[in-house]
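1. Sharing a sequence plus its predicted fold:
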Amino acid sequence: MAKKFRFRLAGRTAPLSVEGWRKRARGRVPEMVWAYIENGADDERTLRENRAAYEEWYLHQRVLTTTSDVDLRVKVAGTSLDLPVVLAPTGLAGAAHWHGDLGAAKAAEDAGTRLVLSSASAYSIEEVAQGTAEHHWFQLYPWRDRGLMASLMDRAQDSGFAALFVTVDVPVYGNRLRERRTGMALPPTLTPARVLNAATRPRWTYGYLRHRRTTLRNLEPDSGSRGGFESVEIQSANLTADIGWADLEWIRSRWTGPLLVKGVMHPDDAQRVVDLGADGVVVSNHGGRQLNAVQPTLRALPAIAERIGDRAEVLVDGGIRTGSDVIIALALGADACLVGRPLVYGLAGGGAEGVADVLRIFREEMVRGMTMMGRARVGELSRADIAPRR
Ligand SMILES: Cc1cc2nc3c(=O)[nH]c(=O)nc-3n(C[C@H](O)[C@H](O)[C@H](O)COP(=O)(O)O)c2cc1C
């Protein structure tokens, strides 16, 4: 009698960690897209150190004080979240998977959190508003063209986006070598070898050709159109180093809801941002994609939290990959965290479901960790819960 074999197709079981999703994602997208997602600026020192900074801390394990009722709720930008992990704005997310920002927003709200929609999103402000149940948040770059900024802010406000994140760490693009080497410039340079490489990812290629979610839909005249790279050119042309505090002041005067400033790394800047009327900051170095050799965000966090933490919200991102990382960041003064690449890994590896799974992993790891630390609420976490490596 023929022996029955049982095959288990590789990749059928869901990854069990964010790192697992990273590995899956890598096999699902063409090389140039992977370079775009993963790379940092120059020799990527800051990219590496963002992550390594978390290895410099230990959690205190406490016993016989545990509870099965761990509460991860926090309030950010006036919204109650069930999880202190927010999805960071990631431009061109549609290049990872055609579900893009819309899929990410749905996954976020299902997990009781929110997406910060990038101004460089593959789904327009209106598409995300119509396709979701909750009010998400919008990210804006201070650009040369105030008319364009005003129209994006109006569209976001009219569509019910509840908070604005102004990203201030891109006066020029960081020098991202892997992106440049693989032709993932704006617009991308295609060679026969690169096209061939994309063909080895048939699922991705089908999604790309069928849905064309790789342009910046907010910047296309007709947001539903499938335009070429004009939108990318509009963004590049709007980038200017001649932006300053007056621009932020102008944005603050126009946006009536909560406003957070993303990309703050110095306590003096944090203070000025808050003096100007912002509701908070995101301590961020753009995931190591902008100024290389700037310090890791976890290291910049405590001084900023100390300076403005009693008056404003302090969020942090960069290198956060596990529930323990989130716990460490909260213990060092953050009110909540943002995750960029983990969102893109989930998308690339499994579309909206992948993002949902990434958020579920963060939740489970946090609950498990806090239980073993004897902490019932995230608000209880403090410096006393962690110890430095040396
Ligand atoms: C692929 C990619 C695209 C990004 N696009 C944007 C963007 O459009 N706007 C923005 O403010 N930040 C952008 N970022 C930065 C993220 O919002 C976030 O600061 C960073 O990814 C955090 O680091 P992490 O990836 O280690 O979590 C992007 C990051 C990545 C990886």
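-> Thanks, I have it.
2. Keeping just the C-alphas, turn stretch 68-78 into CSV.
-> This file holds the C-alpha atoms of stretch 68-78, laid out as CSV (Å, rounded to 0.1, in the frame of the first residue of the first chain):
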residue,chain,number,x,y,z
SER,A,68,-4.1,37.8,34.9
ASP,A,69,-5.7,41.1,34.2
VAL,A,70,-3.0,43.2,32.4
ASP,A,71,-4.3,46.5,31.0
LEU,A,72,-2.4,48.0,28.1
ARG,A,73,-4.7,51.0,27.5
VAL,A,74,-3.2,54.4,27.0
LYS,A,75,-4.5,57.8,25.7
VAL,A,76,-2.7,59.3,22.7
ALA,A,77,-3.7,62.5,20.9
GLY,A,78,-7.0,62.5,22.6
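3. which residues touch that stretch?
-> Residues outside stretch 68-78 that contact it (CB atoms under 8 Å, 6 or more residues apart in numbering): 80-84, 86, 114, 137, 162-163, 257-258, 260, 279-280, 313, 315, 335-336, 363, 366-367, 370-371, 375-379. Glycine gets a C-beta too; all of them are placed from N, C-alpha and C.
4. Do I have it right that G369 meets I327?
-> Yes - taking contacts as CB atoms under 8 Å, G369 lies within contact range of I327: 5.5 Å.
5. Give the residue from the two that has the larger number of neighbours.
-> I327 (25 against 20; other CB atoms under 10 Å).
6. For the more buried one, what is the enclosing helix or strand?
-> Using DSSP states H and E, I327 falls within helix 323-331.
7. Which stretches in the stretch 101-250 of the chain count as strands?
-> Applying DSSP state E, counting those that start in this stretch to the stretch 101-250 of the chain gives strands spanning 116-117, 137-140, 163-167.
8. Report the strands that pair with the longest one, each with its relative direction.
-> Read it as strand 163-167. strand 137-140 (parallel), strand 259-264 (parallel) (DSSP bridges).
9. is that strand up against the ligand anywhere?
-> Yes - with CB under 6 Å from any ligand atom as the criterion, the ligand is reached by strand 163-167 at T167.
10. do the same with stretch 312-328
-> Yes - part of stretch 312-328 sits near the ligand under the criterion CB under 6 Å from any ligand atom, namely 317-320.
11. Could you tell me which of the residues you listed count as buried?
-> Buried members of the residues of stretch 312-328 next to the ligand, counted by 16 or more other CB atoms under 10 Å: 317-320.
12. residue ranges with poor pLDDT in the stretch 51-200 of the chain?
-> For the stretch 51-200 of the chain, the stretches flagged by pLDDT under 70 are 186-187.
13. hang on, the earlier thing: list the helices and strands whichever helix or strand comes after the helix holding I327 packs on?
-> Using DSSP H and E, the helix or strand that follows helix 323-331 in sequence is strand 336-339. Judged by 3 or more CB pairs under 8 Å, 6 or more residues apart in numbering; DSSP states H and E, strand 336-339 is in contact with strand 85-87, strand 313-317, helix 323-331.
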